[in-house]
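In: Quick one: sequence plus predicted model below, questions after.
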Amino acid sequence: MSAPADLPKMTYRFLGRSGLQVSAISLGGWLTYGGHVDKENSFACMKAAYDSGVNFFDCAEGYAEGRSEEVMGEAIRRFGWKRNDIVISTKIYWGTAFGDNPVNNKGLSRKHVIEGLNASLARLGLEYVDLVYAHRPDRLTPMEETVRAFNHLISTGKALYWGTSEWGADEIASAWRHADRLGLVGPLMEQPAYNLLDREKVEREYANLYREVGLGLTVFSPLKQGILSGKYRDGVPPGSRFAQEQVEFIAGFWKRTGKEQWDATVAKVNKLEPIADRLGIKQSQLALAWVLKNPNVSSAIAGASSPEQVYENVRALDAVDKLTPEILAQIDDIFENKPPAVVPRF
């Protein structure tokens with residue numbers, strides 16, 4: 001099955017200050033491929049994305065204990081994709097199998113960074129990844145050791161660029177100071193959560209890094225696990241992400257949020273529907289287009305459990321230009337969470 005003929009043409013953006021171009025919408029394997037989406041449907045989603053112009057596919061050593069990487073590698077071989085046509089990423093920190101001795105099998109020590117990526121490459125069946133991320137900051141390992149370890153991956157050809165995920169601005173700046181002092185490569189990109197409900201880090205905390213080090217963003221959770229799509233308008237449907245209890249990161253959201261705050265959030269999200277209707281788009285496309293409106297976002301990593309969902313995400317490209325300053329102001333009035341502007345330090 002080929003992509004619908006009326007899909008918008010994919011757009012590509014430079015990853016930070018690099019010369020690498022990634023699709024504005026990318027496909028991520030968190031909680032899906034190798035997890036609750038069966039293998040054949042995973043293949044169908046990846047093919048739908050590739051046929052729609054997506055060139056960036058994201059996974060991590062810890063996704064489904066490494067199975068996400070295995071499924072992604074198998075898809076590349078099954079469809080015969082040329083390695084030079086795709087951008088593949090993985091992330092190192094959490095390790096894979098919980099049965100392993102935890103000592104040295106997680107974190108950002110030189111040992112785990114190198115051994116972890118070697119294991120990821122074996123699961124992917126690739127000689128190198130384009131992007132490798134430090135999946136979380138490791139405050140027990142000296143920053144210089146981590147910077148040197150990721151540069152070793154680049155100098156040995158096992159990765160082309162390195163970056164961070166969910167690091168603080170001060171930690172990214174520290175990595176750059178060490179890299180500059182040592183004549184090494186600093187982290188090019190950061191992968192934070194970014195959506196209409198999570199704005200502070202991207203719009204305020206990182207503000208100076210875009211100019212100072214040319215930081216690029218490959219953001220995840222643009223729909224906040226589906227909350228911004230409107231699917232929870234009338235409660236939590238069976239089979240949805242927030243209906244499951246296996247993944248503590250999501251299941252724990254209820255405990256952290258509480259019913260009163262959840263209801264208030266859903267009430268705000270529901271106010272997006274009239275705006276989307278006026279623009280002639282789906283609410284999910286409005287939320288995804290809002291993320292893409294930020295010029296510091298190189299790519300929005302969207303999950304999908306069916307080819308139809310992939311196509312729906314891609315159609316958000318047509319909605320970006322519909323978000324005029326007036327529409328954006330209306331959205332800001334709904335959520336009342338726009339961070340104060342950051343005044344450049346120099």
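Out: Right, received. Where do you want to start?
In: Can you list the buried residues in the helix or strand harbouring residue 273?
Out: Using DSSP states H and E, the element containing residue 273 is helix 272-279. Residues of helix 272-279 classed as buried by neighbour count (16 or more other C-beta atoms under 10 Å): 272, 275, 276, 279. (Each C-beta comes from the backbone N, C-alpha and C, glycine too.)
In: and the residues you listed as JSON lines, adding distance to residue 185?
Out: Output for these, formatted as JSON lines (distance: C-beta to C-beta, whole Å):
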{"residue": "272", "distance to residue 185": "40"}
{"residue": "275", "distance to residue 185": "42"}
{"residue": "276", "distance to residue 185": "42"}
{"residue": "279", "distance to residue 185": "42"}
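In: Quick one: those as JSON lines, columns for distance to residue 132 and pLDDT too.
Out: Listed next are those as JSON lines, based on distance: C-beta to C-beta, whole Å; pLDDT from 0 to 100:
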{"residue": "272", "distance to residue 132": "35", "pLDDT": "98"}
{"residue": "275", "distance to residue 132": "38", "pLDDT": "98"}
{"residue": "276", "distance to residue 132": "37", "pLDDT": "98"}
{"residue": "279", "distance to residue 132": "38", "pLDDT": "97"}
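In: Could you list every helix and strand in contact with the helix or strand hosting residue 333?
Out: According to DSSP H and E, residue 333 maps onto helix 325-335. Helices and strands touching helix 325-335, by 3 or more C-beta pairs under 8 Å, 6 or more residues apart in numbering; DSSP states H and E, are helix 272-279.
In: Mind giving me the packing neighbours of the helix it packs on?
Out: Using 3+ C-beta pairs under 8 Å, 6+ apart: helix 272-279 touches helix 283-292, helix 325-335.
In: quick one, phi psi at the residue most central in space within the chain?
Out: Centroid check for the chain by C-alpha atoms, centre = their mean gives residue 220 as the closest residue, at 2.9 Å. Backbone torsions of residue 220, given as degrees, to the nearest 10, read phi -110, psi 170.
In: And for it, nearest residue in space, chain neighbours not counted?
Out: residue 301 (4.6 Å; C-beta to C-beta, 6 or more residues apart in numbering).
In: in the helix or strand containing residue 208, what's buried?
Out: When elements are assigned from DSSP H and E, residue 208 belongs to helix 207-212. Neighbour counts over helix 207-212 (16+ other C-beta under 10 Å) mark 207, 208, 209, 210 as buried.
In: so what's the last one closest to, chain neighbours aside?
Out: Here the nearest residue to residue 210 in space, its sequence neighbours aside, is residue 296; by C-beta to C-beta, 6+ apart that works out to 5.1 Å.
In: Relative to residue 121, which of the buried residues of helix 207-212 is nearest.
Out: Nearest to residue 121 out of the buried residues of helix 207-212 is residue 209 (C-beta to C-beta; 29.0 Å).
In: Quick check: closest non-adjacent residue to that closest one.
Out: For residue 209, the closest residue by C-beta to C-beta, 6+ apart turns out to be residue 215, at 4.3 Å.
In: From residue 43, how far out is that neighbour?
Out: Using C-beta to C-beta, to the nearest Å, residue 215 is found at 33 Å from residue 43.
In: Looking at those two, which has the bigger crowd around it?
Out: residue 215 (27 against 18; other C-beta atoms under 10 Å).
In: Show me the strands in this structure, by range?
Out: 12-14, 21-23, 25-28, 56-58, 87-92, 129-134, 159-164, 189-190, 216-220, 297-302 (DSSP state E).
In: packing partners for the second one?
Out: Other helices and strands packing on strand 21-23, by 3+ C-beta pairs under 8 Å, 6+ apart, are strand 12-14, strand 297-302.
In: same thing with the fifth one?
Out: Taking 3+ C-beta pairs under 8 Å, 6+ apart as the contact definition, the neighbouring helices and strands of strand 87-92 are strand 56-58, helix 67-79, helix 110-124, strand 129-134.
In: quick one, what contacts residue 275?
Out: Listed by C-beta atoms under 8 Å, 6 or more residues apart in numbering, the contact set of residue 275 reads 286, 327, 330, 331.
In: cool, and residue 16?
Out: Contacts of residue 16 (C-beta under 8 Å, 6+ apart): 188, 189, 214, 215, 216, 217, 298.
In: Thought residue 186 was touching residue 154, still the case?
Out: No - using C-beta atoms under 8 Å as the test, residue 154 is too far from residue 186 to be in contact (11.2 Å).
In: List the residues that contact residue 159.
Out: Taking C-beta under 8 Å, 6+ apart, one finds 117, 128, 129, 130, 131, 132, 150, 153 in contact with residue 159.
In: Hmm, the first one is touching residue 134, no?
Out: Think residue 117. No - using C-beta under 8 Å as the test, residue 117 is too far from residue 134 to be in contact (11.0 Å).
In: Pull up the overlap in contacts between these two.
Out: residue 92.
In: So for those two, which residue has more residues nearby?
Out: Set side by side, residue 117 and residue 134 show more neighbours around residue 134, with 29 against 25, by other C-beta under 10 Å.
In: Look up how far residue 4 lies from that one.
Out: 38 Å.
In: For residue 264, the count of nearby residues, please.
Out: So residue 264, with other C-beta under 10 Å, has 12 neighbours.
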